[in-house]
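**Student:** coordinates only, sequence not included:
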Ligand code: NAP
């Protein structure tokens, strides 16, 4: 006789796909209550866990990465297993997961980038910032990417926190970088960097800039780079001024203070110069004789009120900015999952508070959930995923209580382990990761670095085999 779902003998079997913050926080919520017995298998296509904490958070922001201690605690739960290096779609399919789990939660993030949609965007030396970030963080799929750091002048399109990370890494001295866990290949390349000028380009005004105050303030504290803002670009237009006057948000006033401070500050003659520009949009990347980017044509914008938001509108005024390397940092974008609906325009899986819903009828797709950026789009900080994961997990428990779950024919925990290992012989367990983690940290000790990452997949196997 089958036991009630969510009990010792018949636990709620959950597969979480993706091991970044959104996956771990959903797991935490599922495991911390005790009226439904839950057993979780977490899959990641990469050999190491933590998603964007390992491959997105900048290497000079170690404090943010300490959140992994929370994830370690979650992973110690006896009802939790990690299967690294298992790609859902390649090694196992969604349909097969449905035969083994009552619920499947996708926490796959936003794995690609948005485009600017302008001529010249695909010229050599024009890249998505997401690729540069993955490269300097040692993401195994990006180790062999090349960025021409013989460029003297670089433009970063966008003024969000990712653009700030990219600007900071380009402006840091080799000594500053050598104290971080930046990938060795990136450290070497950045040591030889010839970059002198870096521009961050905001299409709207300073008040609308997406970066947060601590992040932009840090740009004023770089050892090897002066920061400047053009005084005329930090002057608010009447609409923005009215918005600021009407707002009781002190962070906006603080932001303006920081930026005005930058505009008034005399340059100190540091080797690099970082310029924050506002109210400009790239309209074309222009090639030089070698076929790669040589300059960027910018149009000046004015702000107009549109649907409750101040939006940029191109003026007749253009300028050419000589740059030989471009990173577009205009947002991440989710990718579709085979077998699930997808909202093309928003780049997310359609859902209601985390329950996946059919694109047309909006009815829930039984047993399917989302958490994090694939659910709400690429916004917020790591901590935002705690609430987000809890919201999804809360609905998963609610559905478990009413038995609105899948009916897996093979939910057996041990059989499932054998099945995964038959599909992928090189599985990385959480125990394996803990060994790798210790090895990486000990490799960093002698040079005063938090860790020296294993980046390539074959390096990971060798390290695990030799340990
Ligand atoms: P973001 O904050 O959404 O910023 C995107 C930027 O791109 C905005 O300045 C946006 O301008 C601009 N943009 C979009 N389309 C554009 C176009 N066609 N032309 C020119 N500019 C364009 O995204 P993000 O920087 O990728 O960051 C993603 C999330 O991760 C954010 O929530 C961020 O705060 C977070 N994050 C946090 C940290 C940290 O806490 N240290 C570090 C990295 C990332 P508009 O505002 O005009 O649209």
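**Tutor:** Received it, and whenever you're ready, just let me know what you need. The shown structure was predicted, so the numbers you read here are calculated from the model rather than taken from an experiment. Numbers count the residues shown, from 1 in each chain.

**Student:** Please enumerate the helices of the stretch 101-250 of the chain.
**Tutor:** Ranges of helices within the stretch 101-250 of the chain are 129-136, 161-171, 174-177, 184-191, 213-218, 231-234, 238-246, 250-264, based on DSSP state H, counting those that start in this stretch.

**Student:** and the end-to-end length of stretch 232-251?
**Tutor:** Taking Cα to Cα, to the nearest Å, the first and last residues of stretch 232-251 lie 22 Å apart.

**Student:** quick check, distance from that stretch to the centre of its chain.
**Tutor:** 29 Å (Cα atoms, centre = their mean, to the nearest Å).

**Student:** Likewise for stretch 124-137?
**Tutor:** That offset, for stretch 124-137, works out to 13 Å (Cα atoms, centre = their mean).

**Student:** Need the mean per-residue confidence for it.
**Tutor:** For stretch 124-137, the mean per-residue pLDDT is 98.

**Student:** in it, what's buried?
**Tutor:** Applying a neighbour-count criterion of 16 or more other Cβ atoms under 10 Å, the buried positions in stretch 124-137 are 125-137. Placement of C-beta: from N, CA and C, glycine included.

**Student:** Show me what from the stretch 351-467 of the chain comes close to the ligand.
**Tutor:** Contact residues (Cβ under 6 Å from any ligand atom) of the stretch 351-467 of the chain with the ligand: 378, 379, 380, 381.

**Student:** Spatially nearest residue to residue 80 (excluding sequence neighbours)?
**Tutor:** residue 40 (5.0 Å; Cβ to Cβ, 6 or more residues apart in numbering).

**Student:** helices or strands next to whichever strand or helix holds the one you found in the packing?
**Tutor:** Secondary-structure element containing residue 40, defined by DSSP states H and E: strand 38-44. If you count contacts as 3 or more Cβ pairs under 8 Å, 6 or more residues apart in numbering; DSSP states H and E, strand 38-44 packs onto strand 12-17, helix 21-32, strand 80-84, helix 413-423.

**Student:** Out of the ones you listed, which gets nearest to residue 70?
**Tutor:** Nearest of these to residue 70, taken as Cβ to Cβ: helix 21-32 at 7.4 Å.

**Student:** Run the angle between the closest one and strand 38-44 for me.
**Tutor:** Going by axes from the mean of the first three to the mean of the last three Cα atoms, to 10 degrees, helix 21-32 is angled at 160 degrees with respect to strand 38-44.

**Student:** Quick check: residues of the protein near the ligand?
**Tutor:** Checking the chain against the ligand by Cβ under 6 Å from any ligand atom, the hits are 116, 157-163, 165, 202-204, 208, 210, 215, 281, 329-332, 378-381.

**Student:** these two touch, right, the residue nearest to residue 80 and residue 24?
**Tutor:** No. With contacts counted by Cβ atoms under 8 Å, residue 40 stays clear of residue 24, the gap being 10.2 Å.

**Student:** returning to what we had before: I'd like the helices of the stretch 101-250 of the chain as JSON lines, with distance to residue 342 appended.
**Tutor:** Shown next, in JSON lines, are the helices of the stretch 101-250 of the chain (distance: least, Cβ to Cβ, whole Å):
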{"stretch": "helix 129-136", "distance to residue 342": "19"}
{"stretch": "helix 161-171", "distance to residue 342": "23"}
{"stretch": "helix 174-177", "distance to residue 342": "38"}
{"stretch": "helix 184-191", "distance to residue 342": "33"}
{"stretch": "helix 213-218", "distance to residue 342": "31"}
{"stretch": "helix 231-234", "distance to residue 342": "38"}
{"stretch": "helix 238-246", "distance to residue 342": "35"}
{"stretch": "helix 250-264", "distance to residue 342": "34"}
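
**Student:** residues near the closest residue to the ligand within the stretch 301-450 of the chain, how many?
**Tutor:** Per Cβ to the nearest ligand atom, residue 330 is where the stretch 301-450 of the chain lies closest to the ligand, at 3.6 Å. Neighbours of residue 330 under the rule other Cβ atoms under 10 Å: 23.

**Student:** same deal with residue 303?
**Tutor:** With other Cβ under 10 Å as criterion, residue 303 counts 22.

**Student:** and what of residue 385?
**Tutor:** 27.

**Student:** so what's it up against?
**Tutor:** 20, 21, 22, 25, 371, 372 (Cβ atoms under 8 Å, 6 or more residues apart in numbering).

**Student:** What's opposite the residue nearest to residue 80 in the beta bridge?
**Tutor:** residue 14, residue 80 (DSSP bridges).

**Student:** are any of the residues of the chain next to the ligand buried, and which?
**Tutor:** 116, 157-163, 165, 202-204, 208, 210, 215, 281, 329-332, 378.

**Student:** Which pLDDT does the model give the residue nearest to residue 210 when sequence neighbours are not counted?
**Tutor:** Counting by Cβ to Cβ, 6+ apart, residue 210 lies nearest to residue 160, which is 3.9 Å off, once chain neighbours are set aside. pLDDT recorded at residue 160 is 98.

**Student:** before we move on, what about residue 308?
**Tutor:** Residue 308 is given a pLDDT of 88.

**Student:** That one and residue 236: what is the separation?
**Tutor:** Look at residue 308 and residue 236: by Cβ to Cβ, to the nearest Å, they are 18 Å apart.

**Student:** Looking at these two, which has the bigger crowd around it?
**Tutor:** Neighbour totals were compared for residue 308 and residue 236, and residue 236 leads with 16 against 5 (other Cβ under 10 Å).

**Student:** Please list all residues in contact with the more buried one.
**Tutor:** Residues near residue 236 by Cβ under 8 Å, 6+ apart: 205, 206, 207, 244, 256.

**Student:** now these: which count as buried?
**Tutor:** Here, 16+ other Cβ under 10 Å leaves 205, 206, 207, 256 buried among these.

**Student:** In TSV: those, plus pLDDT.
**Tutor:** Listed next are the buried ones among the contacts of residue 236 as TSV, based on pLDDT from 0 to 100:
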residue	pLDDT
205	98
206	98
207	98
256	98
